[in-house]
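Novice: Sequence and predicted structure below; questions after.
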Amino acid sequence: MNLTPLIREITDADIDAVVALWHAAGVAKPWNDPLRDIAFARREAHSTVLVAEIEGRVAASVMVGEDGHRGWVYYVAADPTMQGGGLGRAMMAAAESWLVGRGVWKLQLLVRGDNDKVKRFYEHLGYADTKSSCFQKVIAP
């Protein structure tokens, strides 16, 4: 069995598998429409969704983009049966590479305050808690 992932940009054929992955990995939330988020990320060159394909199926993902100042990642997910095997690390490295290729030098991400396991994952990868507060306002349905 070949477990070396092929990391590439999402295609239309991957969308259902990516949405299923996000639900299985617990990164999809009821207040976010994954189909809308994927379409929005793919609409311009400033963002995309990267997937890791293993043996012809989507095993991991990351949504990555830049806003002209910083890079951001969302929906970092790995198949729950493959977690702990380096897929998350590989997806973050791919996102970082995607951003560096566009001249972006700083990457931001959001982690829910009570998600200690994910905080430790990112700290292990060299990310630091900036002790910033994130404010949000929904301005369109």
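Specialist: All right, it came through fine. Residues are numbered from 1 along each chain as shown.

Novice: Name the SS class of the residue nearest the centre of the chain, please.
Specialist: Nearest to the mean C-alpha position of the chain, by Cα atoms, centre = their mean, lies Val62 at 2.3 Å. Here Val62 is strand, with the state taken from DSSP: H, G, I helix; E, B strand; the rest coil.

Novice: How many neighbouring residues does Cys134 have?
Specialist: Counted by other Cβ atoms under 10 Å, the residues lying close to Cys134 total 8. Using the backbone N, CA and C atoms, a C-beta is placed for each residue, glycine as well.

Novice: what's the answer for Ala93, then?
Specialist: Ala93: 14 neighbours (other Cβ under 10 Å).

Novice: still on that earlier bit, assign a three-state SS to the nearest residue to the residue nearest to the centre of the chain once chain neighbours are set aside, would you?
Specialist: In this structure, Val62 finds its nearest non-sequential neighbour in Met91, 4.2 Å apart by Cβ to Cβ, 6 or more residues apart in numbering. Classification of Met91 using three-state DSSP returns helix.

Novice: I'd say Met91 and Ala52 touch.
Specialist: Yes: contact criterion Cβ atoms under 8 Å: Met91 and Ala52 qualify, at 6.1 Å.
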